[in-house]
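Peer 1: sequence and predicted structure, then a few things I'm wondering about:
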Amino acid sequence: MNISHIELRHLRLLQALVESGGLTAAAERLHLTQSAVSHQLKALESLLGLSLLERATRPVRLTAAGKRLLQLADIVLPEVEATLRDLAKLKDGEAGELRIALECHTCYDWLMPAMDAFRAAWPHVELDLLGGFYADPISLLYDGQADIIITSDATPRKDVAFEPLFAYEILALMPNKHALTSKKYLLPKDFASEPLITYPVPQDRIDLIRRVLSPAGIKPARREAQLTVAILQLVASRRGLAALPAWAVSPYLERDYVTARPIGKHGLWAELHAGMRERDVGRSYLSDFITIVQRESFARLPGIRPAIL
């Protein structure tokens, strides 16, 4: 056994397997093919002369050797990240300003823990979250009012670079014991006869309408509410249907407050990206903010997967 040949990618692989629960999800998270992940795992086990995973278990379970190596990963990888951050501070300085604009109402729920982690890592960077909803946050980059935007629209723009954050499923929400709960998934026609309860945003910014209902010629009446909990209260009170991110409604589904179904046979998925000015791509604390957002999101949000530009 020659443990000097263990590399950081091996430790990241083991973490991804445990956190994502399987080879396919780990491959997506690492932006590798499943065969590449399998090959790396077999090569690592061959190097150590030990099995790291218990075969044919879902989610994956580690052997005693795998658990011990994961302990190493949990110690080494944060230290590597902290060291690289310290080197970046020595190179580029520790102070700066980072202004963030959001396109989505539900972003506040998951962004706060990432912002807290960023403040701890970069205490001298002035972090500011621009208030309000922005239907076209790209303009804030051009105007110099924001340094990063969180958006679902990564359409190529001049002088703007995008980094993928994560992909998430949008679920249809209905009252418990509603007639549609008998269905495995909802089709466009299922939204035709009841109001659609949404955030107060333009119609072309709502994935369900833009990608599913409008192409099918379905135009339900809309009722608007500012808060996620208000939307869910209206759904539970049989005032209409809604479609929200799975991670945003997970606590309510666990309490059987409302019922959820996929939209379409393969589900309706959306992505979030971080946009920034191309000239800012190399700015250390900006890049680290994106890394922290990705890490915190995958650690906290259920059911998300890597987004791909």
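Peer 2: That came in fine, so what should we check first?
Peer 1: how much distance is there from the least confident helix or strand in the chain by mean pLDDT to the middle of the chain?
Peer 2: Ranked by mean pLDDT, DSSP states H and E, the weakest helix or strand in the chain is helix 23-30, scoring a mean of 80. The chain centre lies 14 Å from the centre of helix 23-30; the measure is CA atoms, centre = their mean, to the nearest Å.
Peer 1: may I have that helix as CSV, with CA atoms only?
Peer 2: Output of helix 23-30 as CSV, limited to C-alpha atoms (Å, rounded to 0.1, in the frame of the first residue of the first chain):
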residue,chain,number,x,y,z
LEU,A,23,-22.2,6.9,-8.5
THR,A,24,-24.5,8.7,-11.0
ALA,A,25,-25.2,11.7,-8.7
ALA,A,26,-21.5,11.9,-7.7
ALA,A,27,-20.5,11.9,-11.4
GLU,A,28,-22.9,14.8,-12.0
ARG,A,29,-21.6,16.7,-9.1
LEU,A,30,-17.9,16.3,-10.2
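Peer 1: which helices and strands sit right next to that helix?
Peer 2: On a contact count with 3 or more CB pairs under 8 Å, 6 or more residues apart in numbering; DSSP states H and E, helix 23-30 meets helix 8-20, helix 34-48. The C-beta positions use only the backbone N, C-alpha and C, and glycine is treated the same way.
Peer 1: let's have these in TSV, adding distance to residue 277 and mean neighbour count.
Peer 2: Below are the helices and strands packed on helix 23-30 laid out as TSV (distance: least, CB to CB, whole Å; neighbours: other CB atoms under 10 Å):
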stretch	distance to residue 277	mean neighbour count
helix 8-20	29	19
helix 34-48	33	15
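Peer 1: and of the ones you listed, who's closest to residue 58?
Peer 2: For these, proximity to residue 58 was assessed by CB to CB; helix 8-20 is nearest, at 11.6 Å.
Peer 1: average pLDDT for the closest one?
Peer 2: The average pLDDT within helix 8-20 is 88.
Peer 1: ok so, going back, of the helices and strands packed on helix 23-30, which approaches residue 228 most closely?
Peer 2: Once those are compared by CB to CB, helix 8-20 is nearest, at 25.6 Å.
Peer 1: now the angle from that closest one to helix 23-30?
Peer 2: 120 degrees (axes from the mean of the first three to the mean of the last three CA atoms, to 10 degrees).
Peer 1: helix 8-20 vs helix 34-48, what angle?
Peer 2: 120 degrees.
Peer 1: how about residues contacting helix 8-20?
Peer 2: 23, 26, 28-30, 37, 40-41, 44, 52-53, 60, 62, 66, 69-70, 72-74, 76-77, 80, 298-299 (CB atoms under 8 Å, 6 or more residues apart in numbering).
Peer 1: of those residues, keep whichever come out buried.
Peer 2: 23, 26, 28-30, 37, 40-41, 44, 52-53, 60, 62, 66, 69-70, 73, 298 (16 or more other CB atoms under 10 Å).
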